[in-house]
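**Student:** how would this look folded up:
(one chain, ligands or ions: 1)
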Amino acid sequence: MTHNELTWKFLNEFDVESSTQAKARAISLEHGVNVISPAVGAQLALVAAATNATNIIEIGTGLGLSGLWLLAGAPEATLTSIDPEFEYHEQARELFTEAGYPASRVRLITGKALDVLPRMNENSYDIVLVDGDPAQVAQNAEHALRLVRVGGTVLVPHILQDGDIANPAKRAGIIAGFRTVLTEATESENIVVALSPAGDGLLQFTKIA
Ligand SMILES: C[S@@+](CC[C@H](N)C(=O)[O-])C[C@H]1O[C@@H](n2cnc3c(N)ncnc32)[C@H](O)[C@@H]1O
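**Tutor:** Presented below is the predicted three-dimensional model:
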């Protein structure tokens, strides 16, 4: 194993999941859902805790793993999570309940992000997680920036796209969308940006104006 591979392995094995998070990961994998790594999950929890988040929105519930990590950092927060898959939401609901989060604080909206997000109030959320349809990442990130309050943070996992984002020859389709998100984030004067190499990458930007 190279030095870089060893470092990456260490980084991604550093954080330990709760039994419910581990269960959510196993069920997600059974459904073929591309989940965040424990290292990314821990980063989400840390941002939620550091932001003292009370109002979180998540695009792409999956089976609930990323939501469980966000609530681990802000157990008193309300999580609104959007996904078109009703079956995923049924399973996720069971996992949120098992982890002790009441239904009143986990609002699952079964629908498509681009239908739901325009109806949500701007400057209202402490955290917006963008992890829905990768083909719509640029539009979703634009909505996220509108929805997050000043001082709040937008989180975009899978930003490195399995290494494809670093390959200039890869320009088409989904990769183009992720590149747009990165370019717009670095060019905006109203946000502070950090790109983390954890898991498949995590782009974080905090609105400052
Ligand atoms: C990468 S998975 C999310 C994984 C989850 N965030 C986690 O780490 O536990 C992407 C999710 O986006 C959902 N999705 C697909 N199209 C969507 C859309 N138009 N709006 C919102 N979510 C969508 C999929 O059903 C899938 O659950």
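**Student:** use CA for all of it now, contacts and neighbours both
**Tutor:** Fine.
**Student:** who in this protein is up against the ligand?
**Tutor:** The chain comes close to the ligand at residues 33-36, 59-66, 82-85, 112-113, 131-133, as judged by Cα under 6 Å from any ligand atom.
**Student:** please enumerate the strands of this protein.
**Tutor:** 55-59, 78-83, 106-110, 125-130, 148-157, 191-196, 202-207 (DSSP state E).
**Student:** CA atoms only: put the first one into PDB for me.
**Tutor:** In PDB, the C-alpha atoms belonging to strand 55-59 read as follows (Å, rounded to 0.1, in the frame of the first residue of the first chain):
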ATOM      1  CA  ASN A  55     -33.300  23.500  11.100                       C
ATOM      2  CA  ILE A  56     -31.700  21.100   8.500                       C
ATOM      3  CA  ILE A  57     -32.700  20.200   5.000                       C
ATOM      4  CA  GLU A  58     -31.500  17.200   3.200                       C
ATOM      5  CA  ILE A  59     -31.900  16.500  -0.600                       C
END
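**Student:** quick one: that strand to chain centroid distance?
**Tutor:** 9 Å (Cα atoms, centre = their mean, to the nearest Å).
**Student:** could you do the fifth one as well?
**Tutor:** The chain centre lies 10 Å from the centre of strand 148-157; the measure is Cα atoms, centre = their mean.
**Student:** and residue 9, what pLDDT?
**Tutor:** Note for residue 9: predicted pLDDT of 88.
**Student:** give me the subset of the residues of the chain next to the ligand lying in helices.
**Tutor:** 65, 66, 113 (DSSP state H).
**Student:** if we can go back for a sec, could you dump the strands of the chain to CSV with mean neighbour count?
**Tutor:** Listed next are the strands of the chain as CSV, based on neighbours: other Cα atoms under 10 Å:
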stretch, mean neighbour count
strand 55-59, 25
strand 78-83, 23
strand 106-110, 18
strand 125-130, 28
strand 148-157, 24
strand 191-196, 17
strand 202-207, 22
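**Student:** now the buried members of the residues of the chain next to the ligand.
**Tutor:** 35-36, 59-66, 82-85, 112-113, 131-133 (16 or more other Cα atoms under 10 Å).
**Student:** first-to-last residue distance for stretch 194-205?
**Tutor:** Using Cα to Cα, to the nearest Å, the end-to-end distance of stretch 194-205 comes to 6 Å.
**Student:** right, I'll leave it there.
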